Structures are given as C-alpha cells and as structure tokens.
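J.: need a 3D model of the following:
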Amino acid sequence: MPPPPHQKPENVLKRAQELIGVNQAPAALSLLHEHVTSKRSRNVPITSLEPVMLLLVELAVEQKKGKLAKDALYQYKNIAQNTNVATIELVLKKFIELASEKVKAAQQKAEEVQSSIESAAVEDLEASETPESILLATVSGEQSKDRTDRAIVTPWLKFLWEAYRTVLDILRNNARLEILYQSTAMQAFDFCLKYTRKTEFRRLCELLRNHVQTAAKYSAQMHAINLSDPDTLQRHLETRFQQLNVAVDLELWQEAFRSVEDIHTLLTLSKRPPKNIMMANYYEKLTRIFLVGENYLFHAAAWLRYYNLLRHSAALLATGQSKKADNPPATEADLQKAATFVVLSALSIPVISTSRSRGAMVDFDEARKTKNSRLTHLLGMTQAPTRASLFRDVQSKSLLRRAQPQIRELYTILEVDFHPLSICQKISPILKQIGADPEMQKYIAPLQQVILTRLFQQLSQVYETVDLSFVESLAQFPEPFQVSRGMIEKFIMNGNKKGDLSIRMDHATGVLSFDVDVFSSARAAHAGSAAGSAESETGSVQRLQSTPSQIVRSQLTRLAEALFTSCRYIDPSFNEAQIKAREAALARAKAGAEKEHLEVLARKEIIQRRKDQASEAQAQREKENARRKMLQEQALQQAEAARLAEEARIREQKRLQSEREAIKRKEVENMLKDMKLDSVNLEDLENLDSNKIRMIKLQQLEREKNTIAEKLRITGKRLDHLERAYRREEAKKLPEDYAKQRERDLAAYEAMKARTLKEAEQKHKEDLELKHRLSRLMPFYESFRAELHERRREQFEKRRRDAEREFEKAVNQRRKEYRERKLREKREREEKERALREAEERAAREREEERKRQEARREELQRLREEREKERERAREAAARQQQREEEAMARRRAEKEKQAAAAAAGSLPIREPQPISTSGPPRLNLIGGKTPTWREREAAKQAAAAGGAAPPSENNTPPPAARPTPPPMERSSSSDVPSAGPPRLPLAGAAKPGGWRERLAAKEAAAKEAAASGNAPPPGPPPRTGSGRGVPLDRTGSGRGVPLDRVGSGRGGSKDSKEPAPEPLKPSGAPGKWVPRFRRENAGN
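T.: Below you'll find the model as predicted:
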C-alpha cells in the first residue's frame, strides 16, 4: 500500500483544529506527530512548521503523552538546528511552561479536595474535639493528604520531571542551545528543591555529568560545545555551584561532595580565574560537607581558606581592583565571624582519633593517603593540613585578635596554659556561651574530646596514679553537656587502643595508673591523631618535669654534654685542638669544593638520565599494561555480551513459551466460559484440549437436555390436570357471571348515551351562538376576500409575464449558446480533419521518399552485384586459362620423363649434356607438380649411365634431372577433397564452383581430345621404377593420387640385374589417397 500523500503544515494544522473542535484530541495529536516525524517534513519551511509544533506540545501536555512529544521534539531539533535556533527555544520553553502550569493546577486541585474532605469531616462546628477524633486525625490526616497528592499531583510531577529530562537530552552538546540548556538545568534544580525530590536530584546530577563526558568525548562534532571556551566553562561552573547549593539544602551530602569534585575539575580546566564570590560559596559549602562528615581537620582547613578569600576580597575592594558584585561581603563583622570559626574548628580537631580502626598504623594506609590527597586538591592546598600547621597559620595571620574573646580564652586554656585541676572548670562558662549559639553548638562534642585529651595529658605529668572518681569530678561540664563515667572509660580505652594514651584502669579499686615504665614508648607523652591531625613531635603541652622514660633516654646525651663543657673549661689545649680541627676541615672543604661540585653535577645528570630512562620504561610498562588491560576488557565485554545475548535469548524463549501457554490457557478459559462449563476444575486446564472440551460440553448438553425434557414432561402433566380442574369449576359459574356482566354493560351504555346527548346539545347551542356572531362579519369578509383575490391575481399575472420574459430570454440564450457550441465544434472538427489530412499527406510524402530511397538503394546494389559478377567471371576465365596451362605443362613433363625412363631402361638414350645454369636469366620457377629429384633418383641415373658405358658425370656437368611427370589433375567431388600433389587450392572470389560427375567426365573427355590433337598423348602407364628395393610398385591409377611410381632399383627390393618381368600392379582400392601397408601389397602381388 503506498504511503499517504504529504500534506502542507497549514492543512495539517487546520485538520487538527477541526478534530479538536469535535473532541478528537488524541486523533489530532497522532496526526500532528505523524506529520512532524515524517521524512518529507525535513524540507518544510520552519515558519510553517512552528505552529504545528506548538499545538503538538500543547496537546501532548494535555494528554500526558511525553513519549510522542519527545520524538517530535527530537525531529524538530534536527530540522531547525541549522537554520533557526530561536524556534527550538520557543517550543521547548512552551513545553516546560505548560508542564509547570499543569503541576500548579494539580496542586490547587489537591488542596481543594483536601479542604473539602476536612470540611466534610466536621459535622458539628460547635462540638468540642473528643479523644477519638484527635487520635483519628493524628493517624489518618496526613495519610489522606498523601493519598490525595499521590493521586493528583504525583503524576504531573512525574511528567514535569520527564519534560526536564527530555529537554536536557535534546539540548545537550549543542553550542547554539547552550544558554537554554543551562537555564533548563537551573529550573530542574529549582524543581527538585521546591518539591524535595531527592531521588530525581541524584539522577539529574548524574545526567549532567554524563552530558559533560559526552561533550568532551565528541568535541569534534558540528555545533559541539567547547569546554576550553571561558564563557562556556563559566556557565557550567554556575550550574555546578547551583547544583552544590541545592544538594546542601536537600542535605544530600554525598551528592554535594561529588558536586564539589565536579566544580574542582571544571576549575582545573578553566583558563579564566573564578570569581571570588563563587569560590567563597564553594569553601562555605565545603565546610558544611566536612562538618557533616565529621572530618574536622579539613573542615578547619576549609574555614581557613574561606577566611583567606574574604581577606583577599576586602583588600581588592579597598584598592578598587575588583567589582563589588564579583566579591563576597567582607565587612569587619564577616571577618570576625570567619576568624572565630577558623580558631574554633581548629580547636575542635581531635588529638586522638575517634574513628573506628584497628590501631594507630591505619593512618598510613594507602586509601587514607589517597583520600587526604583528594581533599587537599579540592581545597587547592599544596600539602595535607595538620593541626599544628593550622595553628601556625592562625598565629601568623593574627586570627586570634579578630576572633571573639571567649574563643581566644578557649585557645589559651587548651593550647597555652597548664592547669590540670581546673581546666574543665575554666572551660565550662565558655561552653555555655558556645552552646547558646546555634552555629557553634555543633563543636561541643569534638571540643569535649579535646578537653579530655588535654586533661589526661596534663594529669600524666603530675600524677602516677589517680582515682577515677577524682577524674570524674574534674571532668565536669555544664548541664546539657555532661559526660558520664562510661564515656570517660570509653575515651580512655580508645586512646589506649590508638596508642595515644598509656593508662591502666583497675576497676576493683577504681584507680587509674599512668605508664611510668622507663623503657616504654614515648608515644604516650605526645599523643598523635589517626586522621593526620596529630600534634607535632615536640608536643604542645607544657611539661613541669621530665618523665622517667625521658630521663632514661636522655641520660647519656646529658652526660656527654657535661663532660664536653668540663673539658672546655679545664683543658685550654682542647679548645685549640678543636679550633685547628675545624680550620683543617674548612681548608679541606675549600680544596675539594670544586671537584665535589663537578661530581655532584655529574651525579645529578646521571640521576636525571636514569630517572628519564626509568620514567620511559615505566610509561612503556603502563602502556603495555593498559593495552593488555584493554584487550582483557574487550574479551570480557565480548564474553559478557555473548552471555547477555544468550540470557536474553533464553529469556525470550521462556517469555514466548509462557505467553503461548498463557494464550492457550486463556483460550481454554474463554471456551469454557462461552460453553458455561462450571464443573471443570481449573487446575486441569493444562490437560484439556479443544476435543476434550467439546466432548465435555456435549455430555453436559445431553444431561441438560434430558433434565429439561423430564421437567417439561412433569410440568406439562401438572398443567394439564390443573387446567382440567379450572375448567370444571369455571363451567359451574359461567351463567351467573354472564348475567352480572350484562347488567354492568347496560348501565354503562345508558350512562354514556346520556352524557353524549348532553354534550352534543351543549355543542349545538355554542355553534349557533358563534354563527350569529360571525354572520355580521360576512359582508366585510366577502369584500376583503374579493379584493385580496383580485390583488393576488394581478400579482400572479405580473409574475407570469416576468417568468415568460425570463423564459424567452433563457431560451434565446440557450439557442445562442447552442449555435456557438455547434460552430465551435464544427471549427474544431474541421481543424482536426485538416490536421489529419496534413498528417496523411505528410506520411504519404514520407512513404514516397522512402520508396524512392529504397529503389535507389536497390539499383545501387544491383549495379554492385553486376560488377562483382563481372569480376568473378574474369577471375573464372583467368583460373581456367591458368589451369589449362598447368595441365599442358604437366603433360609435357610426363611425356619427357617417360621418354627418358624408356631410354634409360633400353640403354640406347644418349645422355644429354648438362646445360650450364644461366646466371643472367631468370630463375626457374618451382611450378606446381614439379619436384627436385631425390638422392635415390640421382643414384639410379648414375648407375644407368655407368651401365651404358658413359663416364659418371661430375658435379658441375650433372645434367638436370628429368622432371617427374605430373599426374593429371584429380577431380574432386567436393571442396573438402584435397589433391595429393601441390598446395591446397583456396576458394578465391570469382572461381568457378565445382560441378557434378557429369561436368567432371565432360572435362576429362575434352582434355583427352585436346591431348590427342596436339600429339602428346600420355602413354598407357608410367615407366617402371626398378632398383628401388621396395618391392612391386603399386598401381595407383584411378586412386585419385596421380600416376603410380615404379620403385624398381630404388634399393628397397629386387635387384637391378634382375631380368624378371615386372609383376602386375595391384588393383586400385577405390579410396582416394589411401595408404596400403606393405604386407597387403605383397599379398596382393603374390
């Protein structure tokens, strides 16, 4: 079936509006979708297609047909992206706007439904709430609202989310539509934040990441976005910062951290420095992320970076080097707040790690190093921060002067003063002030860990043993932040586990014993941190005295220092020797400095070269590993693809099998339902087929038929008896009933008769009265009727005359048209006849010309044929003369040869003198049939000459050999017969064709007569060839191969002195040119 003809967009739009007018919106949407997605629409002008798309988008939103809208929008983007980008933006904005309006309308409808439900639930407005109503409202109130939203609002929210995804997919990786892409992403973020759609927000973030990866992968495509463009990168950064803000507002901290990584990646690609206000937002969000993740070290580092940025922005604004809109607010209050949080977050860094791990060595795990490195890069720092480095920055940048007084006092108590018995008492008022601030309240828990760490560190320097109740009394905090004894014990166990504390606890006596072993590790003296936030090795806690372990470790060094000092004061020569040794060392150093410098440079070059070689080898290994890994991944992918394909095939087979079984079961169930077989068990459906079902149905029908027949028989019998009883009783009461009925009929008849007479009389009186009233109007009526009749007659006559005139006019017009049509047809007919006549004449002329051309061609061919016939006749005559001359020459040669042979045999023929070959004359031609004598013939001639007494001729005096007699020309029966002598004759043009046997016989007779007339009649037989040694010669006469040779004396048989007569020659075999074997010749001779 051919496809429907393509319609114009205007016609399609009009047809769709007509369908919408008759409530056929789905059909209109299908029509518009088919038109837009058709291949023929690619060449349609965009201005004509834009209204179609707008109407399609509107109908798709109304009917929630997101897939149709997506297909149409993709097709429209492909059509219009190279010519008009503004129309794409218009259609997509319309799509998003309509979907948003539908969501708002659904929310309003849901609120109306919920309010109506709540108002309907309250029956008595004056009645007070009962406990049952309060409990019921608590249980079902929110559930009913959720159900309402799920039924009304959620479908439109889902449609709006799909609309955002569709638009983002359409606009991705297109530089012309990049601004609309970023604005749509912002709208999608607002959608997720407004409706708290956390799952959709995660999917949106992943979708945007995939789009960026796709843009980097296919950057060479036409209209692809360029991430190296500063404006493009700035727009992506703004989108990612909005993504980070929404993630923090939704408290999706993992997604926020991934957004931070995305921002850092884009910042590394950017060639333009980011705005300070954006980086301030970046660091502020990082502080919140790290605080939620309880990573207090990097939380404090992020606050420090934030403070540095604020201070830098304040300096730029003060000098006028930057705009105020590009920098965050950097007033003195903002700087004081940032400095306060920097110091407070640094103080909150735990000295002892609170994370769950297997020991202190876990800090050096590779994964932790990698994580710390990543976080360091996110903060833009060169090395990982530590607690000590943060405090050094705090002191170097004078942050304590900007911080709040209570935070400065807290820093002094924890990091400067030494007061183990009053540390908690001094910090308690500060903790109250910190707890009163909602933003600072989050630091109470880590500060308690730091305070306990400082408490035990300072107690370990003063006491060896201490009571646990005493420690509990010292660790007193304000009421909301109290720590229990279990928390203190847990803290001590965690510190011992990490190796940061060395405390023994005796639960029986409730005593804490600090480690005083002189050979114990020094780690307990300066606690470290497992999170990379440990204090420096020198420690930051003031010490009143050295511990026994420190005394043992430093005893030898202190003794050496005392002896060295004593020697300096007691022996002056010791100082002189020290001075001389130092001067000698300086002289040696000066003497070998240059050489050492050169050696160091050479070693540096060697090290650099080795490093380069090592790096090249490492790069080669990495490349090889990557190639091997890629091959393995490809193999795994192929295997996985094959496995997935096999699984898909198996699933498809199972699905088809289950569908077939389901269809079969459904057919059986339908058949059972149609047959109304309720007695069949549904569990046996698999064992049933159509034949069994028909058999069951027939059996059931047979049973029902018998049952119904039995019931009919019983019912009929009962009805017969009942009807008989009814009629017997009825016959008794029929006369009485007839009399009563007759009386009722008479009474009714009389009543109806009286009523009819009365009504007729009343009607007659009314009619008489009406007649008397109307009789006075009759003269007026008659006159009016006559006038009206006359007026109507005049109008009729006028109309009739007008109609006759119109009729005559129409008849004349029709006659005129008829005459004109006839004249026109006549002219057309004459024109056609003239054209036909001209065509016939032209065809006749062409035929005559063609006939003349054919006659001229035939005459030319006839002339050429006659010329060729004359040429052939001349060629035949020349061939006949040539043949006659050849026959005469052959006859002469044959006669001469016979005469020479006869003379040689008789010995009486004189030897002819050799004629010298004339060098001046023309060379002798080797005529046809002529042949140079062989050596046997020449030898026979020599022997014959010797026998006749003549001297053997010399080489120079050798007479020319006699020409062999040429046999008469052989008659051939067809052109395929080749003569035995001479070259084959060519069928030359003009040569006479060979005739039949009569012609050949006549030719022979004519040749014989010519020979007899000339006196050169050939002898009856050829001369015998003696001395050939080949036996009896064959008689080849009549064989068609010429005269037979006499081979006597040829050395093939017989003797030259033999006097025996020659035997009779063999009879010819009759086969022209056939060779006869020797044994047959001998047998024939015998």
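J.: Leu227 in helix, strand or coil?
T.: Following DSSP: H, G, I helix; E, B strand; the rest coil, Leu227 is assigned to coil.
J.: can I assume it is in contact with Leu233?
T.: Yes - using C-beta atoms under 8 Å, Leu227 is in contact with Leu233, at 6.1 Å. Any C-beta I mention is one placed from the backbone N, CA and C, and that applies to glycine too.
J.: please say which of these two ends up with more neighbours.
T.: Leu233 (20 against 15; other C-beta atoms under 10 Å).
J.: measure that one to Ile263 for me?
T.: In this view, Leu233 and Ile263 are 11 Å apart by C-beta to C-beta, to the nearest Å.
J.: same question, Leu563
T.: Distance from Leu563 to Ile263, counting by C-beta to C-beta: 63 Å.
J.: higher neighbour count, the two?
T.: Higher neighbour count among Leu563 and Ile263: Ile263, with 25 against 10, using other C-beta under 10 Å.
J.: which pLDDT value goes with the more buried one?
T.: For Ile263, the pLDDT comes out at 78.
J.: name the nearest residue to it, ignoring sequence neighbours.
T.: Nearest residue to Ile263, sequence neighbours excluded (C-beta to C-beta, 6 or more residues apart in numbering): Arg240, at 4.7 Å.
J.: residues in contact with whichever strand or helix holds that neighbour?
T.: Assigned by DSSP states H and E, Arg240 belongs to helix 230-249. By C-beta atoms under 8 Å, 6 or more residues apart in numbering, the residues outside helix 230-249 that reach it are 175, 178-179, 182, 185-186, 189-190, 192-193, 201, 205, 208, 212, 225-227, 253, 255-256, 259-260, 262-263, 266-267, 269-272, 274, 278, 281-282, 285, 288-289.
J.: do a quick rundown of the strands in the stretch 401-550 of the chain.
T.: For the stretch 401-550 of the chain, the strands defined by DSSP state E, counting those that start in this stretch occupy 465-467, 503-506, 511-514.
J.: out of these, which is the most enclosed?
T.: Comparing the strands of the stretch 401-550 of the chain by mean neighbour count (mean count of other C-beta atoms under 10 Å), strand 511-514 ranks first with a mean of 18.
J.: and it, which strands flank it?
T.: Strand pairing for strand 511-514, using DSSP bridges, gives strand 465-467 (antiparallel), strand 503-506 (antiparallel).
J.: contacts for that strand?
T.: Contact partners of strand 511-514, identified using C-beta under 8 Å, 6+ apart, comprise 459-460, 463-468, 471, 492, 502-506.
J.: model confidence over that strand, on average?
T.: On average, the pLDDT along strand 511-514 is 81.
J.: C-alpha coordinates for that strand, CSV please?
T.: Listed next in CSV are the C-alpha coordinates belonging to strand 511-514 (Å, rounded to 0.1, in the frame of the first residue of the first chain):
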residue,chain,number,x,y,z
VAL,A,511,42.3,3.7,90.2
LEU,A,512,44.0,5.0,87.0
SER,A,513,47.7,4.3,86.7
PHE,A,514,49.8,6.3,84.2
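J.: pLDDT weak spots in the protein?
T.: Applying pLDDT under 70 to the chain picks out residues 1-6, 114-150, 271, 353-366, 499, 516-550, 675-690, 906-935, 945-996, 1011-1086.
J.: outline the domain layout of it.
T.: As recorded under the TED database, the domains making up the chain are 275-349+373-394, 404-515, 516-521+546-568.
J.: quick check: which of these is buried the most?
T.: Scoring these by mean neighbour count under mean count of other C-beta under 10 Å gives domain 275-349+373-394 as the most buried, with a mean of 19.
J.: what's the spacing between it and its chain's center?
T.: Domain 275-349+373-394 sits 47 Å away from the centroid of its parent chain (C-alpha atoms, centre = their mean, to the nearest Å).
J.: can I have the buried ones of the contacts of helix 230-249 as a PyMOL selection?
T.: To isolate the buried members of those in PyMOL, using 16 or more other C-beta atoms under 10 Å:
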select buried, resi 178+182+185+189+192+193+201+205+208+212+225+253+255+256+259+260+262+263+266+267+270+274+278+281+282+285+288+289
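J.: one step back: in CSV: the domains of the chain, plus distance to Ser100.
T.: Listed next are the domains of the chain as CSV, based on distance: least, C-beta to C-beta, whole Å:
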stretch, distance to Ser100
domain 275-349+373-394, 27
domain 404-515, 35
domain 516-521+546-568, 67
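J.: those domains: which one's closest to Leu601?
T.: Nearest of those to Leu601, taken as C-beta to C-beta: domain 275-349+373-394 at 28.4 Å.
J.: okay, how far is it across that closest one, tip to tip?
T.: Domain 275-349+373-394 stretches 25 Å from its first residue to its last (C-alpha to C-alpha, to the nearest Å).
J.: and for stretch 389-408?
T.: End-to-end for stretch 389-408, by C-alpha to C-alpha: 18 Å.
J.: need the contact partners of that stretch.
T.: Counting by C-beta under 8 Å, 6+ apart, 297, 300-301, 304, 307-308, 335-336, 339-340, 342-344, 346-347, 349, 411, 415, 430, 433-434, 540 sit against stretch 389-408.
J.: please repeat the previous calculation with a cut-off of 7 Å.
T.: The contact list for stretch 389-408, computed with C-beta atoms under 7 Å, 6 or more residues apart in numbering, reads 300-301, 304, 307, 335-336, 339-340, 342-344, 346, 411, 415, 430, 433.
J.: likewise for stretch 41-56?
T.: Residues outside stretch 41-56 that contact it (C-beta under 7 Å, 6+ apart): 9-10, 12-13, 16, 29, 32-33, 35-36, 72, 76, 79-80, 83-84, 87, 91, 94.
J.: on that earlier part again, max pairwise distance over the contacts of strand 511-514: which two?
T.: Between any two of the contacts of strand 511-514, the greatest separation by C-beta to C-beta is 18.2 Å, found for Asp467 and Ser502.
J.: now the helices for the stretch 301-450 of the chain?
T.: Taking DSSP state H, counting those that start in this stretch as the test, the helices found in the stretch 301-450 of the chain are 332-347, 366-378, 387-396, 399-402, 405-415, 423-436, 444-462.
J.: I'd like the ones you listed laid out as TSV, including distance to Ile152.
T.: As requested, the helices of the stretch 301-450 of the chain are arranged in TSV below (distance: least, C-beta to C-beta, whole Å):
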stretch	distance to Ile152
helix 332-347	46
helix 366-378	44
helix 387-396	54
helix 399-402	55
helix 405-415	53
helix 423-436	45
helix 444-462	44
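J.: quick check: which of the ones you listed is nearest to Glu594?
T.: That would be helix 387-396 among these, by C-beta to C-beta, at 39.9 Å.
J.: okay, and the common contacts of Leu227 and Leu233?
T.: Common contact partners of Leu227 and Leu233 (C-beta under 7 Å, 6+ apart): Leu269.
J.: picking that back up, of the strands of the stretch 401-550 of the chain, which is nearest Lys323?
T.: The minimum distance between Lys323 and the strands of the stretch 401-550 of the chain falls on strand 503-506, with 58.0 Å, by C-beta to C-beta.
J.: chain center to that closest one, what's the gap?
T.: For strand 503-506, the distance to the chain centre is 70 Å (C-alpha atoms, centre = their mean).
J.: what of stretch 339-355?
T.: In terms of C-alpha atoms, centre = their mean, the centre of stretch 339-355 is found 53 Å from the chain centre.
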